[in-house]
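*Asks:* how would this look folded up:
(one chain, ligands or ions: 1)
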Amino acid sequence: MVDTETLKKVFEENPNKSSIAIKSECADCGCEVIVNITITSGGFGLQGGVLLKCLPSGFMVKCPDCYKVGSNYAFKE
Ligand SMILES: [Zn+2]
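*Replies:* Numbers count the residues shown, from 1 in each chain. Predicted coordinates for the structure are as follows:
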């Protein structure tokens, strides 16, 4: 899972947004995944999937079915 520093950077690159959607393919099953990242009072929230790694080409993501711990995640700072 990516860390909060990485998520912070994503928002620094998009300073006018309070939520950002990242579209990619699930690293396990290859299905299309759209992960919505939102700023919450305590950090960040992820919906629709998880971000595993930050690659030069973008993020490595997994869909909720493959990650299997639910579809909502909260990052706390
Ligand atoms: Zn999958």
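*Asks:* quick check: closest non-adjacent residue to Tyr67.
*Replies:* Val50 (5.1 Å; CB to CB, 6 or more residues apart in numbering). (Each C-beta comes from the backbone N, C-alpha and C, glycine too.)
*Asks:* ignore the last one, Cys29
*Replies:* Cys66 is the one closest to Cys29 (CB to CB, 6+ apart), at 5.6 Å.
*Asks:* so who does that neighbour touch?
*Replies:* 26-29 (CB atoms under 8 Å, 6 or more residues apart in numbering).
*Asks:* just those residues that are near the ion?
*Replies:* 26, 28-29 (CB under 5 Å from the ion).
*Asks:* PyMOL command to pick out the buried ones of the residues you listed?
*Replies:* PyMOL command restricting those to the buried ones, with burial defined by 16 or more other CB atoms under 10 Å:
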select buried, resi 26
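*Asks:* with secondary structure and pLDDT added, can I get the ones next to the ion among the contacts of Cys66 in CSV?
*Replies:* Formatted as CSV, those follow (DSSP: H, G, I helix; E, B strand; the rest coil; pLDDT from 0 to 100):
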residue, secondary structure, pLDDT
Cys26, strand, 94
Asp28, coil, 91
Cys29, coil, 94
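*Asks:* sorry, back to before: specify the local secondary structure of the residue nearest to Cys29.
*Replies:* helix (DSSP: H, G, I helix; E, B strand; the rest coil).
*Asks:* distance of it from Asn14?
*Replies:* 27 Å (CB to CB, to the nearest Å).
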